[in-house]
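In: My questions are about this predicted structure, shown below with the sequence.
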Amino acid sequence: MSKRINIKRQILLPIAAAGLLFTTASFQNDFFEIAKQIEIFTEMYKQLNMNYVDDTNPAELMDNAIEGMLEGLDPYTVYWTEQEVEKSKINRRGSYTGIGANVRTKENAITIIEPWKDYPADKAGLKAGDDIIEIDGIKISEYKDNAGDLLQGSSGTELTITYTRQGKTITTTLKREGVEVNAVPFYEMATPEIGYVVLSKFNEKASKETKAAIKELKEKGATKIILDLRGNPGGLLSEAVNVSNLFIPKGKLITSTQSVVTKYNRTYLTKRSEEFEGMPVAVLINGRSASASEIVSGSLQDYDRAVIVGARSFGKGLVQRPKPLSYGTQVKITISRYYTPSGRCIQALDYWNRDENGDAVRTKKENYKAFKTVNSGRTVYDGGGVEPDIKIESAAYSPITTALLKENSIFDYATAYYYKHQFNSLDEIQISDADFQEFVSWIEKRGFEFETVTESAFAKAYQAATNEELDDDIKTSYNSMLEAIKKAKKKEVVDKKAEIKSLLTDEIVKRYFYKEGLYNHQIKYNPEIRAAIEVLNDEGKYQRILK
């Protein structure tokens, strides 16, 4: 009986949703088709729950159905549980209660990615690379929900964790605290005249903290600014407009959004006077600078207001908005595309036209459209992120580097390196060619593997040959080709030494001197920052780029 009551409750949700659908004008004449499909789905859902040979989990069936429905859209249109809704609020606010660390949840453990200085995890002696296997007696391997949620709770409450480090098992107790996640985690003078500001996320504090940081640096003598947006994944569109407004006058277009839903077609103008009028600016970006970061860098480029340094940005030109659902859940929906002041949409991947593997098609360079900047009429392009004015090799992520990051090879090597070396100052940390060769040997022993596009194509061709019973004739040639590709991949690691060494250095520096130490180290040695300093110190070059 209880199962039938549960089914009734579950099938009411799609029916209620149908009522909401009818109120949205953009569905136009599809009302009948929508109602028809919802009725079919509801009946099928009911029949499965009532008649399937084994007991079914109604919530799990619905989750799978939702995932299947969203799978064919873009990856930013997602369903949020109550817990995920709360996390999005935390990201916007920039504060929460927990242990003060970046973590990665795996199947059997929670890995500490970065403990934040002077917060509970750091005070308890936790280090990057530690694997938490138990929290308050709950084994992570047996916990079905998101185990990371176990780390959060009320301020002052204790939790006991058991973790492994370098083959040893350790248990410790710590107290949760309120944690402030700053949008601007670091700012400092790079030279006597140039201030350096890191903007790591666009939460509700982004423009306020950026403004305060630059003002303080001006008081220390800064007449020029480097704004570092590398690795910034984005956030609030409104804050992207506000940050741009610090350098662009009142009443100027920063971005516009376009959608098939008319009410989402909007323009976003600056609302205040330019805070830092005439101050020369260099903006750092890379392949992980996305969304709001691209609105800022794109608008400053379009108004010829800043020199952009680094590597092409990620290319996310889609805007999302959360919509409330029942029981505290939400769906975050891509509602529009955004455009820079010159008219560019910098979206790189076309999720609505996929290849034979179902992967989104990347806009090809020959298909980029040319646009002109507002003030100087410089040529800029759409279709694949924001292209920097000054390109730095080490800022770009090649496929081999991306694979190393995805496999956590750089992170894991830095963990092993930390326990074998001791340093007393930042300047001592320099990854030598010998260190790099040791890393190459380490990943070979580890069995680092990644499949290239070439390998994937050959594998499909070989499978087709097998199906046609031709594999015996080409097996020797196929194996020789795979061996050649393997050698080419090894050479690729060596060829990308500059960017890999840069990432290794960054990860290792953090282990000894936290994020603050990383930024201080980068001010001295990072190629992108050095290039930004160079162009800001050369007024002639700065003006030639912009005009």
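Out: Yes, it's here.
In: distance between stretch 424-436 and the chain's centre?
Out: For stretch 424-436, the separation from the chain centroid amounts to 28 Å (computed by CA atoms, centre = their mean, to the nearest Å).
In: can you list contacts of it?
Out: Residues from elsewhere that reach stretch 424-436 (CB atoms under 8 Å, 6 or more residues apart in numbering): 417, 423, 497, 500-501, 504-505, 508-509, 512-513, 517, 520-521, 524. The way it works is simple: take the backbone N, C-alpha and C, and place the C-beta from them, glycine included.
In: Check those residues for burial and list the buried ones.
Out: 417, 497, 500-501, 504-505, 508-509, 512-513, 517, 520-521 (16 or more other CB atoms under 10 Å).
In: picking up where we left off before, in helices only, show me the contacts of stretch 424-436.
Out: Using DSSP state H, the members of these that fall in helices are 417, 497, 500-501, 504-505, 508-509, 512-513, 517, 520-521, 524.
In: Can you tell me which of these comes closest to residue 377?
Out: Distance to residue 377, by CB to CB, is smallest for residue 524 among the ones in helices among the contacts of stretch 424-436, at 37.3 Å.
In: tell me the average confidence for the strand or helix carrying residue 256?
Out: Using DSSP states H and E, residue 256 sits within strand 253-258. When pLDDT is averaged along strand 253-258, the result is 97.
In: And for stretch 172-180?
Out: Here the average pLDDT along stretch 172-180 is 94.
In: before we move on, the earlier item: now render the buried ones among the contacts of stretch 424-436 as a markdown table, adding pLDDT and distance to residue 74.
Out: Below are the buried ones among the contacts of stretch 424-436 laid out as a markdown table (pLDDT from 0 to 100; distance: CB to CB, whole Å):
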| residue | pLDDT | distance to residue 74 |
| --- | --- | --- |
| 417 | 95 | 38 |
| 497 | 88 | 35 |
| 500 | 91 | 31 |
| 501 | 91 | 35 |
| 504 | 94 | 33 |
| 505 | 94 | 35 |
| 508 | 96 | 36 |
| 509 | 96 | 36 |
| 512 | 95 | 40 |
| 513 | 96 | 39 |
| 517 | 95 | 38 |
| 520 | 96 | 38 |
| 521 | 95 | 37 |
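In: can you pull the pLDDT of residue 453?
Out: So, for residue 453, pLDDT stands at 55.
In: now the strands for the stretch 201-350 of the chain?
Out: Ranges of strands within the stretch 201-350 of the chain are 224-228, 253-258, 266-269, 281-285, 307-310, 318-324, 330-339, 349-354, based on DSSP state E, counting those that start in this stretch.
In: Quick one: those strands as CSV, columns for distance to residue 531 too.
Out: Listed next are the strands of the stretch 201-350 of the chain as CSV, based on distance: least, CB to CB, whole Å:
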stretch, distance to residue 531
strand 224-228, 10
strand 253-258, 26
strand 266-269, 30
strand 281-285, 8
strand 307-310, 5
strand 318-324, 30
strand 330-339, 28
strand 349-354, 28
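In: Which one, of those, ends up nearest to residue 180?
Out: Nearest of these (CB to CB): strand 224-228, 19.6 Å.
In: Dump the ones in helices among the contacts of stretch 424-436 to a markdown table, plus distance to residue 117.
Out: Converted to a markdown table, those look like this (distance: CB to CB, whole Å):
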| residue | distance to residue 117 |
| --- | --- |
| 417 | 20 |
| 497 | 31 |
| 500 | 27 |
| 501 | 25 |
| 504 | 22 |
| 505 | 19 |
| 508 | 17 |
| 509 | 14 |
| 512 | 12 |
| 513 | 9 |
| 517 | 9 |
| 520 | 13 |
| 521 | 15 |
| 524 | 20 |
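In: For residue 379, the count of nearby residues, please.
Out: For residue 379, the count of nearby residues is 9 (other CB atoms under 10 Å).
In: The one 4 residues further on too?
Out: Residue 383 has 21 neighbours, counted by other CB under 10 Å.
In: hang on, isn't it packed against residue 348?
Out: Yes. Using CB atoms under 8 Å, residue 383 is in contact with residue 348, at 6.9 Å.
In: Quick check: neighbours shared by those two?
Out: In contact with both residue 383 and residue 348: 315, 363, using CB under 8 Å, 6+ apart.
In: tell me how far stretch 538-547 is from the chain's mean position?
Out: 32 Å.
In: what's in contact with it?
Out: By CB under 8 Å, 6+ apart, the list of residues contacting stretch 538-547 reads 280, 304-305, 307, 376, 378, 389-390, 534-536.
In: and of those, the nearest to residue 267?
Out: Closest to residue 267, out of all of these and judged by CB to CB, is residue 305, at 18.6 Å.
In: In contact with the nearest residue to that closest one once chain neighbours are set aside, which residues are there?
Out: Distances taken as CB to CB, 6 or more residues apart in numbering place residue 247 nearest to residue 305, at 5.4 Å, with adjacent residues excluded. Counting by CB under 8 Å, 6+ apart, residue 247 touches 274-276, 279, 281, 300, 305-306.
In: can we see that at 10 Å?
Out: The contact partners of residue 247, taken as CB atoms under 10 Å, 6 or more residues apart in numbering, are 214, 225, 227, 270, 274-279, 281, 283, 296, 299-300, 303, 305-306.
In: so residue 417 makes contact with residue 510?
Out: No. Using CB atoms under 10 Å, residue 417 makes no contact with residue 510, being 11.7 Å away.
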